[in-house]
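[1] fold the following for me, if possible:
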Amino acid sequence: MIDKQNADGWIRRYHAADESPIRLVCLPHAGGSASFYYPMSQALAPEVDVLSVQYPGRQDRRHEPGITDIGVYADAVTSALVPWLDRPLALFGHSMGAVLAFEVARRLEREHRFDPVHIFASGRRAPSSHRPETVHLRDDDGIVAEMRELSGTNAAILGNEEILRMVLPAIRSDYTAIENYRAAPEDTVNTPITVLTGESDPRTSREEADAWRGHTRAAFDIHRYSGGHFFLAQHQPQILKVVSEELAAAVRKG
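    Residues are numbered from 1 along each chain as shown. Modelled structure (predicted):
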């Protein structure tokens, strides 16, 4: 039996499902934490063993320095997942987490000869679809304004100056990492990709979401929902259905 938390603290396992035939690794958005996926873990257990990734610089890791490079992030997450490769594994990432899911899959394939069974890329344009963005260069008020615009942060936290001061360094680090990330159109994975996107997301156009198709050598699918960047908050039942069906299909394929 694997410990609920690996030694360096990257993995959270809220609802251990030791008998599940498949695992789902969930990667948060910029500034997000592992607990963002607690509801998904609760909903999918015990059929799916859900692992939520906890980035440094927040919650119980708030005293650790943030990471400012997606490659460094992906290396660390990949290393943390090595003890969990004893059964089929899929990846779900929202926003920055979608890019991390893609980069982790590339590393698992290349360095560990392990192909994840599926990637769910939520709320993020394709890795090779670049926009010039400088949120990480703004002052603290500017970063808070971005968070409010995307509506992904609890309003109570936005109104608590002490909490904000604790989390802003991690948020700035994450934005530095994702805004400086670059991928080439030829960067691909063997893993099937399902894209989930909000029709009114100001950070991902229809064309940028469709461009994920070119980053897999396997099957591709896309689901569009009403709403903005955090559309998944309004469409949890539909998204859980998509995830459950794809994971069940992966189990049947063996």
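[2] low pLDDT regions in the stretch 151-254 of the chain?
    For the stretch 151-254 of the chain, the stretches with pLDDT under 70 are 151-162, 164.
[3] rerun at 80
    Scanning the stretch 151-254 of the chain for pLDDT under 80 picks out the ranges 151-166, 254.
[4] now the strands: where do they sit in it?
    Per DSSP state E, counting those that start in this stretch, the stretch 151-254 of the chain carries strands over the ranges 193-198, 220-225.
[5] tell me the most buried of those strands?
    Highest mean neighbour count of the strands of the stretch 151-254 of the chain: strand 193-198, a mean of 24 (counted as mean count of other CB atoms under 10 Å). C-betas here are computed from N, CA, C, even on glycine.
[6] and of the strands of the stretch 151-254 of the chain, who's closest to residue 21?
    Proximity to residue 21 (CB to CB) singles out strand 193-198 among these, at 19.2 Å.
[7] what is the orientation angle of the closest one with strand 220-225?
    20 degrees (axes from the mean of the first three to the mean of the last three CA atoms, to 10 degrees).
[8] which secondary structure elements does strand 193-198 contact?
    Identification of packing neighbours for strand 193-198 by 3 or more CB pairs under 8 Å, 6 or more residues apart in numbering; DSSP states H and E yields strand 118-122, helix 206-210, strand 220-225, helix 236-253.
[9] please identify the deepest-packed of the ones you listed.
    strand 118-122 (a mean of 26).
[10] could I have the helix or strand that that one is followed by exported to PDB, CA atoms only?
    Next along the chain after strand 118-122, taking DSSP states H and E as the criterion, comes helix 140-150. Output of helix 140-150 as PDB, limited to C-alpha atoms (Å, rounded to 0.1, in the frame of the first residue of the first chain):
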ATOM      1  CA  ASP A 140       0.100  43.300  -6.300                       C
ATOM      2  CA  ASP A 141      -3.100  45.300  -7.100                       C
ATOM      3  CA  GLY A 142      -2.700  44.400 -10.800                       C
ATOM      4  CA  ILE A 143      -2.500  40.700 -10.000                       C
ATOM      5  CA  VAL A 144      -5.500  40.900  -7.700                       C
ATOM      6  CA  ALA A 145      -7.400  42.600 -10.600                       C
ATOM      7  CA  GLU A 146      -6.500  39.700 -12.900                       C
ATOM      8  CA  MET A 147      -7.700  37.200 -10.300                       C
ATOM      9  CA  ARG A 148     -11.000  39.000  -9.900                       C
ATOM     10  CA  GLU A 149     -11.500  39.200 -13.700                       C
ATOM     11  CA  LEU A 150     -11.100  35.500 -14.100                       C
END
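[11] so that it lines up with my notes, have the first residue be 5 from now on.
    I'll keep to 5 as the first residue from here, and by that count the last item is helix 144-154.
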